[in-house]
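# can't give you the sequence, but here's the structure:
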């Protein structure tokens, strides 16, 4: 099974195209390990000169959930129990955003506007992540 189809690649935002979307990044597809918990929600990508694809994804299930980069070749080379490889979720619904698949992560990274406002009595920001 191809992890990234022509249809997925056609709608995949280029690297850094979704910067500033604060969790509203569209998820192009979901990849996962059928033998474990690792899941990659692919958000952006760009083809390298050597033909490989560099992907930006939200990664869950590898100990610490995070945003990061992974190459398509790297994902295709992963083998688990019984020689199983990474698979694409064929039933992942279209139109999902990062906030849909990782609401707690997004809330920590991009708190709601009212949580960022200055406290009127102290003048101190209630969230230091900005």
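Cool, got the structure. The structure presented is a predicted model; accordingly, all values stated were derived computationally and were not measured.
# please make it C-alpha for all contacts and neighbour counts, starting now.
Noted.
# does residue 56 count as helix, strand or coil?
With DSSP: H, G, I helix; E, B strand; the rest coil as the basis, residue 56 sits in strand.
# for the residue most central in space within the chain, give the beta-bridge partners.
The residue lying closest to the centre of the chain (CA atoms, centre = their mean) is residue 58, at 2.4 Å. Beta bridges link residue 58 to residue 41, residue 67 when assigned by DSSP bridges.
# and it, how close does it get to residue 49?
Distance, residue 58 to residue 49, by CA to CA, to the nearest Å: 24 Å.
# repeat that for residue 3.
Applying CA to CA to residue 3 and residue 49 gives a distance of 19 Å.
# so between those two, which is more surrounded?
Neighbour totals were compared for residue 3 and residue 49, and residue 3 leads with 16 against 7 (other CA atoms under 10 Å).
# okay, and the beta partners of the closest residue to that one other than its chain neighbours?
In space, and not counting its chain neighbours, residue 3 is closest to residue 88: 5.6 Å by CA to CA, 6 or more residues apart in numbering. With beta bridges defined as DSSP bridges, residue 88 has these partners: residue 31.
# which residues sit in contact with residue 88?
Contact partners of residue 88, counting by CA atoms under 8 Å, 6 or more residues apart in numbering, are 1-4, 29-32.
# all good on my end, thank you.
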